[in-house]
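Engineer: pasting the sequence and the predicted model now:
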Amino acid sequence: MAKRVVLAYSGGLDTSIAVRWMREHWGVEVVCCAVDVGQMREGESDVIHRRAEAAGAVEVEVIDARDEFAAGFLVPALRANAMYEGKYPLVSALSRPVIVEHLVASARRHGADAVGHGCTGKGNDQVRFEVSTRALAPDLEVLAPVRTWGLTRADCIDLAHQWGIPIEATKEKLYSIDENMWGRAIECGVLENPWSAPPSDPFTLTRDPGDAPSEPREIIVGFEAGAPVSLDGEAVSLVEMIDALGTTVGAYGFGRIDMVENRRVGIKSREVYECPASLALILAHQDLEGVTLERDVAREKQRLEIRVAELIYDGLWHSPLMRALDAFMVSTQEHVTGEVRLRLEPGRCYAAGRRAPRGLYDHDLATYDASDAFRHEDSDGFVRLWGLSVETWSRRQGPGATS
Ligand code: ARG
């Protein structure tokens, strides 16, 4: 059994109980490592320190990983327009590998022989924590106390009181929420009935479309080599961009997702998300690719995007296939530079215009007016040969066959 573990600490009920529980039941020293990927509020770092210490942590670390998360994880995801099952921009799935990178680094710093997480046995997050750990540091053990302890939420709250751990949790818990810069994932409670419409109370990033401003608005997103770099012509950092865009787009009631998704462990699960910034950026990026990617590259890229999303979802961020696919994605982005005009209306966000200095849109080829430079006479032979195989089939075996 491990002697010292670095725990992915959120400051919530489960991971707080896990600190003391692992010490008592497994006799391990616990280092708490809280990684900020955009979910932490003002002053939360102090609360985390106090709670972890009260729970009996030997060390507490709070790491600001926002810039790194944006540049090293969100930009690659955006390059691949990564959306699991065509809908979910992989909010939680993207945060796990960056958290694991920090857990492993912290384990090295503190001479730990294990890392730990507070995931249950039913979800995807345990898969992501453990597979990433095994990819980065196969020598480390992974401890998953929540998976084995058999405690209910009420038991945990009683233990917190008994052990003097200051927590705010109440026995009634409405939702399980995981959030970061890329959006929020909301599960449990009434949402477990897939027929029930989501109530409005769990949403914080998106307004109800009925309460959105009635005046439409436009916002211009600029990209350089596939990465977002400006808003309305002004250069902004990625973290600022995601924040500002999310606020504007969310106010128009755009960005809510309601789906039943296939978890890695074989369960179908009803998931509700709000992802105003990520959905708007993916939409803008896809639109700019429409004008900048050569046709066959675009077609092949779409097929591979599905694989990238699956790899991220399934905990395979740190894998050789992910590296190879990312190299492909990077190679497609060289000329994905330009601007997209996003138009916002209540509950809607769509591209209403785009321009790219190295775009492939050629007005003289596309136009039907007098400046038309397309060689119409070439089409005759081209289309005849394109259809030759099907025509031959028809004459011999198909509807055109005579007797
Ligand atoms: N279903 C999503 C995913 O697997 C969200 C998971 C959210 N996690 C949570 N602890 N609520 O990526």
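Structural biologist: Looks like it arrived, so ask away.

Engineer: what are the ranges of the strands in the stretch 51-200 of the chain?
Structural biologist: All strands of the stretch 51-200 of the chain, identified by DSSP state E, counting those that start in this stretch, fall at 59-64, 114-116, 141-143, 176-180, 183-187.

Engineer: for the fourth one, buried residues please.
Structural biologist: Along strand 176-180, the positions that meet the burial threshold by neighbour count (16 or more other C-beta atoms under 10 Å) are 177, 178, 179, 180. All C-beta atoms are positioned from the backbone trio N, CA, C, and that covers glycine.

Engineer: now the two most distant members of these.
Structural biologist: Spatial extent of the buried residues of strand 176-180 (C-beta to C-beta) is set by the pair 177 and 180 at 11.0 Å.

Engineer: three-state assignment of whichever residue of the stretch 201-350 of the chain sits closest to the ligand?
Structural biologist: Closest residue of the stretch 201-350 of the chain to the ligand, C-beta to the nearest ligand atom: residue 271 (4.8 Å). For residue 271, the secondary structure call by DSSP: H, G, I helix; E, B strand; the rest coil comes out as strand.

Engineer: which parts of this structure sit against the ligand?
Structural biologist: For the chain, the residues in contact with the ligand (C-beta under 6 Å from any ligand atom) are 92, 93, 124, 125, 176, 178, 185, 187, 271.

Engineer: got a PyMOL select line for the buried ones in those residues?
Structural biologist: Buried residues within the residues of the chain next to the ligand, by 16+ other C-beta under 10 Å, are selected in PyMOL with:
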select buried, resi 92+93+124+125+178+185+187+271
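
Engineer: and the residues of the chain next to the ligand, which two are furthest apart?
Structural biologist: Top of the distance list for the residues of the chain next to the ligand (C-beta to C-beta): 93 and 176, 15.4 Å.

Engineer: helices of the stretch 301-403 of the chain, start to end?
Structural biologist: Applying DSSP state H, counting those that start in this stretch to the stretch 301-403 of the chain gives helices spanning 320-332, 363-366, 376-386, 388-396.

Engineer: of all those, which one is nearest residue 135?
Structural biologist: Among the helices of the stretch 301-403 of the chain, the nearest to residue 135 by C-beta to C-beta is helix 320-332 (9.4 Å).

Engineer: centre of the chain versus the closest one, how much separation?
Structural biologist: Distance of helix 320-332 from its chain centroid, counting by C-alpha atoms, centre = their mean, to the nearest Å, is 17 Å.

Engineer: does anything pack onto that helix? Which helices or strands?
Structural biologist: Identification of packing neighbours for helix 320-332 by 3 or more C-beta pairs under 8 Å, 6 or more residues apart in numbering; DSSP states H and E yields helix 75-79, helix 295-313.

Engineer: quick revisit: switch the residues of the chain next to the ligand over to a markdown table; also include distance to residue 229 and pLDDT.
Structural biologist: Formatted as a markdown table, these follow (distance: C-beta to C-beta, whole Å; pLDDT from 0 to 100):
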| residue | distance to residue 229 | pLDDT |
| --- | --- | --- |
| 92 | 26 | 98 |
| 93 | 25 | 98 |
| 124 | 32 | 98 |
| 125 | 31 | 98 |
| 176 | 35 | 92 |
| 178 | 28 | 97 |
| 185 | 27 | 98 |
| 187 | 34 | 93 |
| 271 | 31 | 97 |
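
Engineer: burial of the closest residue to residue 170 other than its chain neighbours, as a residue count?
Structural biologist: Spatial nearest neighbour of residue 170, excluding adjacent residues (C-beta to C-beta, 6 or more residues apart in numbering): residue 157 at 7.7 Å. The local packing of residue 157 (other C-beta atoms under 10 Å) involves 19 other residues.

Engineer: from the ligand, how far out is residue 157?
Structural biologist: Using C-beta to the nearest ligand atom, to the nearest Å, one gets 18 Å for the distance from residue 157 to the ligand.

Engineer: quick one, grab the pLDDT at that residue.
Structural biologist: pLDDT recorded at residue 157 is 95.
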